[in-house]
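In: Have a look; sequence and predicted model below, questions after that.
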Amino acid sequence: MMPTRTPCRDQSRFRVQWSRAGLRALLVVLALACPQVASAQLFTDRPPPVPPGSVPEAPSGPAMNLAPPSGAAAAPAPLPAPITQPPVSAAPLAAPPATAAVATPGQAVLALTARYGKDLPVVNSGLVWRIYADKPDAAGAFKLIREERTPTPNIVLPPGSYVVHVGLGLVSAVRPVTLRQETTRESFDLPAGGLRIDGRVGSSKIPPNQIAFDIFKGSQFEVGDRAPISQNIPAGDVLLVPEGTYYIISKYGDANSIVRSDIRVQASKLTDVIVTHRAAVVTLKLVGDKGGEALANTAWSVITPAGDVIKESIGAFPRVILAEGEYRAIAKNEGKVFERAFNVVNGVDGEVEVVAR
């Protein structure tokens with residue numbers, strides 16, 4: 001396992017004076033829509049104030065570029081085995097220029113920015129801003145007034161009170177604001193980091209269509225069952241998550257090659273993780289004579305020496321990805337049963353012939 005990181009927050013302040021009744025109504029709706037909204041950092045890109053289906057969906061994939069600049073290197077503290085960490089790149093991302101906006105008489109300007117954290121770079125891509133009415137309508141939903149996908153929008157609106165929601169991958173924040181006939185500047189903290197995972201077996205990269213990853217919050221050694229925050233993540237994709245500790249379950253193939261690894265994601269950095277599997281691809285054949293043609297309509301079972309069934313399939317040439325170790329192949333054809341013991345060596349693909357005798 002090998003993580004690396006690359007740079008990718010600002011102090012927020014509340015400028016509004018809400019009536020207690022209005023604020024209570026907003027908090028009730030937020031609590032019903034997403035119990036975690038009080039923390040202002042959520043594992044969802046869907047705006048908490050609005051029931052599902054009331055707001056257009058944002059694109060599912062992250063759009064930011066967190067690729068590490070070449071040459072930057074700093075040695076991080078080691079993580080528990082089996083994790084190792086390549087260097088962490090800490091070059092700040094360039095802040096994009098602000099978009100000019102001019103308010104006409106009777107209008108106000110809301111200037112929005114987001115940072116990865118205090119004294120950390122400005123987020124320059126991948127943001128989804130949504131502006132809502134500050135009070136729910138008759139159906140209990142907060143009306144979506146405006147949506148922006150530029151990193152530092154200047155939005156012209158009538159003076160009044162609003163709710164601002166911003167999302168970046170699986171990180172989001174929400175805040176009430178009040179606009180007057182002037183420019184109101186609001187900056188949000190989004191302590192997000194990028195996570196990109198690839199798999200290897202031996203010295204070879206595992207094809208993306210043969211491996212997938214599930215991500216869980218916390219360490220694999222913590223007690224209790226947890227639902228994954230994201231499942232079946234393709235190799236090479238960048239997932240944006242809140243900074244913190246996570247564990248990865250990596251599944252190579254659909255049998256028993258599974259690796260669990262703890263990793264640490266830092267705000268504004270890209271963590272590159274390489275998961276190493278010890279496994280190989282095995283092709284099974286039932287033949288009448290050694291080196292002969294494979295017999296069709298054969299039912300297969302691959303079991304451990306203790307008798308645990310690892311994989312079952314039907315066919316003349318089933319392929320199975322197995323963790324290194326000892327196995328028995330059992331073939332059933334036309335009411336007869338044949339078997340053979342075999343070993344799987346890490347990174348050595350091959351055929352296992354079972355002779356029908």
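Out: Perfect, I can see it now. Residues are numbered from 1 along each chain as shown.

In: Give me the average confidence score over stretch 158-169.
Out: Computed over stretch 158-169, the mean pLDDT rounds to 96.

In: check contacts around Gly106.
Out: By Cβ atoms under 8 Å, 6 or more residues apart in numbering, Gly106 lies in contact with 158-159, 181. Every residue, glycine included, has its C-beta placed from N, CA and C.

In: In strands, which of the residues you listed appear?
Out: Among the contacts of Gly106, no member is found in strands (DSSP state E).

In: Export those residues as TSV, with columns for distance to Ala173.
Out: Converted to TSV, the contacts of Gly106 look like this (distance: Cβ to Cβ, whole Å):
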residue	distance to Ala173
Pro158	24
Pro159	23
Gln181	26
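
In: helices and strands around the helix or strand hosting Val174, which ones?
Out: Using DSSP states H and E, Val174 sits within strand 171-179. Under the contact criterion of 3 or more Cβ pairs under 8 Å, 6 or more residues apart in numbering; DSSP states H and E, strand 171-179 touches helix 20-33, strand 108-115, strand 160-168, strand 183-189, strand 238-242.

In: What strands flank it, and is each parallel or antiparallel?
Out: strand 160-168 (antiparallel) (DSSP bridges).

In: List the buried residues of the strand it pairs with.
Out: In terms of neighbour count (16 or more other Cβ atoms under 10 Å), strand 160-168 has its buried residues at 161-168.

In: which two from these end up farthest apart in space?
Out: Ser161 and Leu168 (24.3 Å; Cβ to Cβ).

In: Wait, Thr113 touches Thr152, no?
Out: Yes: using Cβ atoms under 8 Å, Thr113 is in contact with Thr152, at 5.1 Å.

In: any common contacting residues for the two?
Out: Joint contacts of Thr113 and Thr152 (Cβ under 8 Å, 6+ apart) are Val122.

In: roughly how far apart are Phe188 and Asn343?
Out: 56 Å (Cβ to Cβ, to the nearest Å).

In: Who has more neighbours out of the two?
Out: Phe188 (24 against 12; other Cβ atoms under 10 Å).

In: bridging residues for that one?
Out: Ala114.

In: I'd say it and Tyr116 touch.
Out: No: counting by Cβ under 8 Å, Phe188 stays clear of Tyr116, with 10.4 Å between them.

In: could the contacts of Gly106 be laid out in a markdown table, adding neighbour count?
Out: Shown next, in a markdown table, are the contacts of Gly106 (neighbours: other Cβ atoms under 10 Å):
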| residue | neighbour count |
| --- | --- |
| Pro158 | 12 |
| Pro159 | 14 |
| Gln181 | 12 |
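
In: Could you point out which residue ranges in this protein have low pLDDT?
Out: 1-103 (pLDDT under 70).
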